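In: below is the sequence, then the predicted model.
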Amino acid sequence: MEQVIITGVDRSASSRAAADWAAREALLRGLPLRVIHVSPPDRPDPAQQGPYRPETVADGVVVELTVRHPTLRAQGVNLTGSPVAALRTMAEDAEMLVLGLRGEGSRPGAPVGSTAAALARACERPVVLVPGSLAGEGPPGHGDGVALGIDARNPASGAVGLAFEAARLHGARLHALHSWTLPAQAAERPFPPLEEDRAAWEDDEVQRLSDTLRPWHGKYPEVDVLEDVVLLAPKVALVRAAENSGLVVVGRRSGGTALTLLGHAMCPIAVVSA
């Protein structure tokens with residue numbers, strides 16, 4: 001079966017930004033794009049009588065994308081059902097599923113829409129959530145690098161692989177970020193740890209990250225990697241890294257860290273299952 005990139009769309013500007021990002025990624029990877037719109041069956045659609053009816057949403061987005069990207073191979077699919085269930089099923093064999101952070105039915109002020117959050121938690125394939133709209137030139141993000149949140153003690157190989165491949169395809173630097181905390185014995189002491197102790201613990205973490213990434217350096221020798229070990233909470237470190245990245249990749253097992261990052265996203269965030 002041919003690999004595809006799937007993007008879920010509605011009538012929101014956010015979903016159109018996500019679809020455009022997905023189109024660019026499909027072109028870069030030489031893959032077709034499948035544009036999917038799912039209409040919930042249990043509530044009336046306000047656009048039912050309008051020129052932009054639910055059954056034409058995906059096709060309309062395909063037209064927009066192929067005008068913008070003439071060499072794109074794209075197909076529109078319009079479905080009825082639960083958006084989460086339908087998109088999860090359609091994405092089972094996909095390279096990735098790309099969504100906007102918030103859809104047209106999202107609660108005002110919510111940083112992440114319910115469909116995006118549910119799929120980031122449950123989809124078996126990588127889910128890329130894209131913030132913003134099409135107002136600016138090019139894809140969202142304030143840099144061209146790829147940031148990877150990695151736990152060197154228990155690395156998510158799927159996330160590491162996606163990050164290295166994205167960096168290779170985009171010709172970008174990979175920022176591999178490993179957060180650590182002081183060991184339990186340090187917190188039990190009545191005085192701050194000695195500097196030499198803290199330095200020794202940090203050296204251990206640096207070596208651990210280096211050992212974890214060594215096989216990936218061999219597989220992707222062309223990728224420039226910044227190995228970064230920081231004494232910060234993972235969510236704080238990743239929010240900072242996202243400020244200067246074009247893409248951030250995290251493993252789903254990071255749980256709350258991934259969802260917190262989505263609420264502060266200024267660039268696309270890829271959430272990858274274990």
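Out: That came through fine.
In: which stretches of the stretch 151-274 of the chain have low pLDDT?
Out: Scanning the stretch 151-274 of the chain for pLDDT under 70 picks out 187, 254-259, 265.
In: now the strands for the stretch 1-150 of the chain?
Out: Assigned strands in the stretch 1-150 of the chain, in chain order: 5-8, 33-39, 74-80, 96-100, 127-130, 146-149 (criterion: DSSP state E, counting those that start in this stretch).
In: what lines up beside the third one in the sheet?
Out: According to DSSP bridges, strand 74-80 forms sheet pairs with strand 33-39 (parallel).
In: what's the angle between the partner strand and strand 96-100?
Out: Going by axes from the mean of the first three to the mean of the last three C-alpha atoms, to 10 degrees, strand 33-39 is angled at 50 degrees with respect to strand 96-100.
In: ok, the closest residue to Ser14 other than its chain neighbours - contacts?
Out: Distances taken as C-beta to C-beta, 6 or more residues apart in numbering put Gly100 closest to Ser14, at 3.2 Å, once the chain neighbours are dropped. Backbone N, C-alpha and C define where each C-beta goes, glycine included. The neighbours of Gly100, taking C-beta atoms under 8 Å, 6 or more residues apart in numbering as the test, are 12, 14-18, 113, 116, 129-131.
In: just send those residues back as JSON lines, with pLDDT and distance to Arg88 too.
Out: As requested, the contacts of Gly100 are exported to JSON lines (pLDDT from 0 to 100; distance: C-beta to C-beta, whole Å):
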{"residue": "Ser12", "pLDDT": "89", "distance to Arg88": "20"}
{"residue": "Ser14", "pLDDT": "89", "distance to Arg88": "19"}
{"residue": "Ser15", "pLDDT": "92", "distance to Arg88": "17"}
{"residue": "Arg16", "pLDDT": "93", "distance to Arg88": "22"}
{"residue": "Ala17", "pLDDT": "93", "distance to Arg88": "22"}
{"residue": "Ala18", "pLDDT": "95", "distance to Arg88": "16"}
{"residue": "Gly113", "pLDDT": "84", "distance to Arg88": "15"}
{"residue": "Ala116", "pLDDT": "90", "distance to Arg88": "12"}
{"residue": "Leu129", "pLDDT": "93", "distance to Arg88": "15"}
{"residue": "Val130", "pLDDT": "92", "distance to Arg88": "18"}
{"residue": "Pro131", "pLDDT": "87", "distance to Arg88": "21"}
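In: of those residues, closest to Trp201?
Out: Leu129 (34.2 Å; C-beta to C-beta).
In: which residues sit in contact with Val249?
Out: With the criterion set at C-beta under 8 Å, 6+ apart, Val249 makes contact with 146-149, 159, 162-163, 166, 269-270, 272.
In: same thing with Arg34?
Out: Arg34 touches 4-7, 74-75, 77, 90, 94, counting by C-beta under 8 Å, 6+ apart.
In: residue furthest from the geometric center of this structure?
Out: Pro190 (41.7 Å; C-alpha atoms, centre = their mean).
In: could you look up the SS state of that residue?
Out: At Pro190 the chain is in coil, as set by DSSP: H, G, I helix; E, B strand; the rest coil.
In: are any of the contacts of Arg34 buried, and if so which?
Out: Using 16 or more other C-beta atoms under 10 Å as the burial test, the contacts of Arg34 include 4-7, 74, 90, 94 as buried.
In: from Ser14, how far off is Ala156?
Out: Counting by C-beta to C-beta, to the nearest Å, the gap from Ala156 to Ser14 is 27 Å.
In: residue ranges with poor pLDDT in the stretch 1-150 of the chain?
Out: 1, 42-55, 105-111, 133-143.
In: show me where it has its helices.
Out: Taking DSSP state H, counting those that start in this stretch as the criterion, the stretch 1-150 of the chain contains helices spanning 13-29, 57-68, 83-90, 114-122.
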